[in-house]
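Asker: give me coordinates for this.
(2 chains)
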Amino acid sequence: MKFNTLLYSIQQGFKNIVRNSMFSVASMATMAACIFMFGVFYILVFNVNAMVKSAEESVAVTVFFDEGIADSRIQDIGEDIQKRTEVRAINFVSAEEAWEYFKDIYFEGNEEYATGFSENPLANSANYEIYLNDISQQSSLVRYLENIDGVREVKQSQSVAETLTEFNKILSIVSGGIILILLCVAIFLINNTVTVGIAVRKEEIAIMKLIGATDFLVRAPFIVEGVVIGLIGASIPLTLLFVLYDKIVEYFAVQFTFVGELLQFVSPAVLFQGLIPIALTLGVGIGFLGSIWTIRKHLKV
Amino acid sequence: MIKLEHISKSYSAGIPALNDVNLEIEDGEFVFIVGDSGSGKSTLIKLLLKELEPSEGNITIDGKVLGRIKRRQIPKFRRNIGVVFQDFRLLKDRNVYENIAFAQKVIGESNKSIRKKVPNMLSLVGLAAKYRSYPRELSGGEQQRVAIARALINEPTILLADEPTGNLDNNNAWEIMKLLEEINSRGTTVIVVTHNMEIVDVMKKRVITIKKGLVVSDNKGDEAHEV
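Answerer: All right, here's what the predicted structure looks like:
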């Protein structure tokens, strides 16, 4: 294939878009809406996934000991727990450390209130924080811990991670369904645009064929048209999403500091590193497939 | 050389559009094909362009048997044949220069070559001064000249003209025939399908008459051959 032929096809593809400007804009808008929705769900799923992971990592089983237990026994218990395969890390929190942590959180700015306590009110709250490799192993570990001699209480915090995982599953299914419908609409509209383009250029195509244009040259401008529509249709929502996401993350960081621990948003740079290639491939792919499908249906060369 | 051997073409059950046609047209000949509407003239043109396949027989053009040309080879084959139609078939959204250059772009010629060839072709057809005009701004005769220039720009060895004077007044019709004659004098084989018997009679070229799909006469210049 000659370079001039390729250049000609690309030029004609762009001209097709301008000639059918109304249909082209409609296709681009639908594509943009489709990719925007995809982007929104991608961002949601990605962030919820990150939150689940973060929650899983922070989920700890806390083990409290019987009153008056010897320090050596606590150490033995710690060594036994450490040997378990499901345990990722174990951290001993003494009663003093627990009280310091409590004071930092609840008496911040009013430290004088804490001085009212002559003794450590959390004297019996020395504990082991146990972090797991996999949250699904929590139940079996808890059963083991409850049966250890010297253990008074075992606390677990599985529900947050479990709820997030469930929510993510539902979100993935719903978003998958909506995206699928939107993709079909986008392909249908590209099909319409290219069909109109073929009808408008019917005479030109007939002349091209008589002059000796190859099948490639007749078809290529329509493929270029579809791909460009897809590319523009993907670029617009990506830009919009980037700006919006950046603003939302900033807004939440400032306005909702109290939920800061739970709502840890993924940074825009990390998120869009994955979203940009996926969305562009999706846009170009839909444009390409939509035009190929139409050409095969309507353009007998 | 164009050679048709026992060519028949039927579209459906009934009278064939062409029936056992045998013809030979030498390189550089000027040939008129005449006949009433529905006689099979257009079918013949379509067969020569490989737009249609004959039901029976073989067509050979410049040593190539058309039946053996593969689908992907058709574009290259067609580049050797220029075509002109009664309704000109110009691209209305492009000016004279762009209409002619279009044929070159379609076969992948470089812009440098296009810039060199198109003005020469415009001079040949006498439209150098109107290269920026759009088809709607031209007379019928001028539009047909553009169509001829477009057909010739890729330097085909054969020019097929299907009723080239059908939409023109007498003066313009003669201008176009003179142009075709000049093109023929440069070595291009010219085949003209026409109804205009006045032109055919005056020009004294070879005349092939088709009636109901049959070649009924082949008048080579002064000598008539009844078939």
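
Asker: for A:Leu217, give me its contacts.
Answerer: Residues near A:Leu217 by CB atoms under 8 Å, 6 or more residues apart in numbering or on different chains: A:Thr5, A:Tyr8, A:Ser9, A:Met208, B:Val106, B:Gly108. Where you see a C-beta, it was placed from the backbone N, CA and C, and this is true even at glycine.

Asker: could you measure from it over to A:Glu225?
Answerer: 14 Å (CB to CB, to the nearest Å).

Asker: spell out which parts of the stretch 201-301 of chain A neighbour chain B.
Answerer: For the stretch 201-301 of chain A, the residues in contact with chain B (CB under 8 Å from any CB of the partner chain) are A:203-204, A:206-215, A:217.

Asker: and the residue sitting nearest the centre point of chain B, what helix or strand is that in?
Answerer: Closest residue to the average C-alpha location of chain B: B:Leu160 at 1.1 Å, with CA atoms, centre = their mean. Assessed by DSSP states H and E, B:Leu160 sits inside strand B:158-162.

Asker: list the buried residues in stretch B:50-66.
Answerer: B:Lys50, B:Glu51, B:Leu52, B:Pro54, B:Gly57, B:Ile59, B:Thr60, B:Ile61, B:Leu66 (16 or more other CB atoms under 10 Å in any protein chain shown).

Asker: what is the host helix or strand of A:Phe92 packed up against?
Answerer: Taking DSSP H and E as the definition, one finds A:Phe92 inside strand A:87-93. When contacts are defined as 3 or more CB pairs under 8 Å, 6 or more residues apart in numbering or on different chains; DSSP states H and E, strand A:87-93 packs onto helix A:71-83, strand A:127-132.

Asker: next helix or strand past the shortest one?
Answerer: Read it as strand A:127-132. Under the assignment DSSP H and E, the closest C-terminal helix or strand after strand A:127-132 is helix A:138-146.

Asker: buried set for that next one?
Answerer: Neighbour-count burial for helix A:138-146 [16+ other CB under 10 Å]: A:Gln138, A:Leu141, A:Val142, A:Leu145.

Asker: may I see those organised as CSV, with pLDDT and distance to A:Val40 added?
Answerer: CSV is the format used below for the buried residues of helix A:138-146 (pLDDT from 0 to 100; distance: CB to CB, whole Å):
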residue, pLDDT, distance to A:Val40
A:Gln138, 79, 32
A:Leu141, 86, 38
A:Val142, 87, 38
A:Leu145, 89, 42
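
Asker: ok, so of these, who is nearest chain B?
Answerer: Chain B lies nearest to A:Gln138 out of the buried residues of helix A:138-146, by CB to the nearest CB, at 65.3 Å.

Asker: my guess is that closest one meets A:Ala60, correct?
Answerer: No. Using CB atoms under 8 Å, A:Gln138 makes no contact with A:Ala60, being 9.8 Å away.

Asker: if we can go back for a sec, most neighbours among the contacts of A:Leu217, please name it.
Answerer: Counting neighbours by other CB atoms under 10 Å in any protein chain shown, B:Val106 leads those with 24 neighbours.

Asker: quick check: phi and psi at the residue of the stretch 201-301 of chain A found nearest chain B.
Answerer: When scored by CB to the nearest CB, the stretch 201-301 of chain A has A:Gly212 as its residue closest to chain B, at 3.6 Å. Main-chain torsions, A:Gly212, degrees, to the nearest 10: phi 120, psi 30.

Asker: give me the pLDDT value at it.
Answerer: We note a pLDDT of 88 for A:Gly212 in this prediction.

Asker: helices of chain B, start to end?
Answerer: In chain B, the helices defined using DSSP state H lie at B:41-48, B:74-78, B:96-106, B:111-124, B:140-152, B:170-185, B:197-203.

Asker: and chain A, is the shortest one touching that?
Answerer: Yes. Against chain A, helix B:74-78 shows contacts by CB under 8 Å from any CB at B:Pro75, B:Lys76, B:Phe77, B:Arg78.

Asker: buried among those? Make that a ChimeraX selection.
Answerer: Remark: buried members of the residues of helix B:74-78 next to chain A, expressed as a ChimeraX selection using 16+ other CB under 10 Å:
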select /B:75,77,78
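
Asker: would you format the residues of helix B:74-78 next to chain A as TSV with pLDDT and distance to B:Val84 included?
Answerer: Output for the residues of helix B:74-78 next to chain A, formatted as TSV (pLDDT from 0 to 100; distance: CB to CB, whole Å):
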residue	pLDDT	distance to B:Val84
B:Pro75	92	19
B:Lys76	91	20
B:Phe77	93	18
B:Arg78	93	14
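
Asker: any chance of a markdown table for the residues of helix B:74-78 next to chain A, columns distance to A:Tyr251?
Answerer: Below are those laid out as a markdown table (distance: CB to CB, whole Å):
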| residue | distance to A:Tyr251 |
| --- | --- |
| B:Pro75 | 59 |
| B:Lys76 | 63 |
| B:Phe77 | 67 |
| B:Arg78 | 64 |
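
Asker: what stretches of chain B score poorly on pLDDT?
Answerer: Applying pLDDT under 70 to chain B flags the ranges B:13-14, B:221-227.

Asker: return the residues of it in contact with chain A.
Answerer: Checking chain B against chain A by CB under 8 Å from any CB, the hits are B:49, B:72, B:75-79, B:83, B:89, B:91, B:102-103, B:105-111, B:150, B:154.

Asker: what subset of the residues you listed is buried?
Answerer: Buried, going by 16+ other CB under 10 Å: B:49, B:75, B:77-79, B:83, B:89, B:91, B:102-103, B:105-109, B:150, B:154, out of the residues of chain B next to chain A.

Asker: secondary structure element holding A:Phe288?
Answerer: Secondary structure assignment for A:Phe288, by DSSP H and E: helix A:268-298.

Asker: how far does that helix sit from the chain's center?
Answerer: Centroid separation for helix A:268-298 versus its chain: 18 Å, with CA atoms, centre = their mean, to the nearest Å.

Asker: before we move on, what about stretch B:128-141?
Answerer: Worked out by CA atoms, centre = their mean, stretch B:128-141 lies 21 Å from the chain centre.

Asker: in which helix or strand does the residue nearest to A:Leu280 when sequence neighbours are not counted reside?
Answerer: Nearest residue to A:Leu280, sequence neighbours excluded (CB to CB, 6 or more residues apart in numbering or on different chains): A:Ala234, at 5.1 Å. According to DSSP H and E, A:Ala234 maps onto helix A:215-255.

Asker: great, nothing more from me.
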